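J.: show me how the following folds:
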Amino acid sequence: MNLFVLMKRTFDTEEKIVIENEGIAEESAEFIINPYDDYAIEEAVQLKDEHGGEVTVVTIGGEDAVKELRTALAMGADKAVLINTEDDLEDGDAYTTAKILAEFFKEKEVDLILAGNVAIDEGTGQVGPRLAEFLGMPSITTITDLEIEGRKAVIERDVEGDVEKIEAELPLLVTAQQGLNEPRYPSLPGIMKAKKKPLEELELDDLDLEEEDVEAKTETVEVFLPPEKEAGRILEGEVNAQVSELVALLQKEAKVV
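T.: Numbering: from 1, shown residues only. Here you go, the predicted model:
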């Protein structure tokens, strides 16, 4: 099977994030593989182990993303591709990413493309479905179970607290949801092997693309952290008095009653 995984390098939302000049201060941020992409990588490696084939991880960004690509290789992927836009693009959005990826995949033989359901930094969840549309390929999002039977995929996906079961023919694009699997940690032997695995680097010119071909369709107006929550208030006194005070606060201050 020809398995491809879309990977994004994102900042770690569990670490401190500083906003400077209307953007994330990258020098003070910690970066990781987008957590939902970890599920996609793990699923691709498991499918390769079960059915044979090759797993290629693809990302768009700068040289800094090589670290995350090597981590994906250490998890069991066979090849990595960096589409380096560092010198060609100042800004982009989901359309930009999907358009670049569509050109990359145009001449590729694909059985299955896996991606994270959403990126934790921008949270649009659009890249996978947009790419599938460009490629004329069916897509299924938020999957929590995947079985391949010949050229057929048997899938379960999240739907508002319930489960939907779907069958689809390959080639296919799917996006991974939490619960699909338990991503492995790279082992020491895996890390050592990753250093020798192929990592290809491309630029927009290699894909016959110009900057205007992938110009963003959206504009980021402002980036800001949510306001800090005010300290809570502890009510004292008899229970009846506390209830009366609470109701008054909900009516006059919170204005929710």
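
J.: show me where this structure has helices.
T.: 35-51, 66-75, 94-105, 127-135, 188-194, 239-252 (DSSP state H).

J.: so which of those is nearest residue 208?
T.: Among the helices of the chain, helix 94-105 comes nearest to residue 208, with 7.0 Å by Cβ to Cβ. (Glycine included, C-beta is placed from N, CA and C.)

J.: state the mean pLDDT of the closest one.
T.: The predicted model assigns helix 94-105 a mean pLDDT of 95.

J.: so which other helices or strands are in contact with that helix?
T.: If you count contacts as 3 or more Cβ pairs under 8 Å, 6 or more residues apart in numbering; DSSP states H and E, helix 94-105 packs onto strand 54-61, strand 79-84, helix 127-135.

J.: okay, the angle between that helix and strand 79-84?
T.: 130 degrees (axes from the mean of the first three to the mean of the last three Cα atoms, to 10 degrees).

J.: mind starting the numbering at 10 from now?
T.: Right, with 10 as the first residue, what we last looked at is helix 103-114.

J.: convert helix 103-114 to PDB, retaining C-alpha atoms only.
T.: C-alpha atoms of helix 103-114 as PDB (Å, rounded to 0.1, in the frame of the first residue of the first chain):
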ATOM      1  CA  ALA A 103      -5.900  26.100   4.700                       C
ATOM      2  CA  TYR A 104      -6.400  26.800   1.000                       C
ATOM      3  CA  THR A 105      -2.700  27.500   0.500                       C
ATOM      4  CA  THR A 106      -1.700  24.300   2.200                       C
ATOM      5  CA  ALA A 107      -4.200  22.100   0.400                       C
ATOM      6  CA  LYS A 108      -3.300  23.700  -3.000                       C
ATOM      7  CA  ILE A 109       0.400  23.000  -2.500                       C
ATOM      8  CA  LEU A 110      -0.300  19.400  -1.400                       C
ATOM      9  CA  ALA A 111      -2.600  18.900  -4.300                       C
ATOM     10  CA  GLU A 112       0.300  19.700  -6.700                       C
ATOM     11  CA  PHE A 113       2.600  17.300  -4.800                       C
ATOM     12  CA  PHE A 114       0.100  14.400  -5.000                       C
END
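
J.: my read: residue 88 touches residue 117, true?
T.: No - applying Cβ atoms under 8 Å as the test, residue 88 and residue 117 come out as separate, 11.8 Å apart.

J.: higher neighbour count, these two?
T.: Taking neighbours as other Cβ atoms under 10 Å, residue 88 and residue 117 compare with residue 88 leading, 17 against 13.

J.: pairing partners for that one in the sheet, please.
T.: Counting by DSSP bridges, residue 88 forms beta bridges with residue 65.

J.: what's near enough to touch it?
T.: Applying Cβ atoms under 8 Å, 6 or more residues apart in numbering, one finds that residue 88 lies in contact with 63, 64, 65, 66, 82, 206, 207, 208, 209.

J.: pLDDT score for the first one?
T.: Here the pLDDT value assigned to residue 63 is 97.

J.: tell me who's in contact with it.
T.: Contacts for residue 63 (Cβ under 8 Å, 6+ apart) come out as 10, 11, 12, 57, 87, 88.

J.: who wins for neighbours among the residues you listed?
T.: Highest neighbour count within these, by other Cβ under 10 Å: residue 12, with 25 neighbours.

J.: so what's it up against?
T.: When contacts are counted by Cβ under 8 Å, 6+ apart, residue 12 touches 53, 56, 57, 62, 63, 64, 65, 120, 121, 123.

J.: wait, the second one sits on residue 121?
T.: This means residue 56. Yes - if you go by Cβ under 8 Å, residue 56 and residue 121 touch, sitting 7.2 Å apart.

J.: more neighbours, these two?
T.: residue 121 (24 against 21).

J.: which one is that one nearest to, not counting chain neighbours?
T.: Leaving aside its chain neighbours, residue 121 sits nearest to residue 12 (5.3 Å; criterion: Cβ to Cβ, 6 or more residues apart in numbering).

J.: hey, what's that neighbour bridged with?
T.: Applying DSSP bridges, one finds that residue 12 bridges with residue 64, residue 121.
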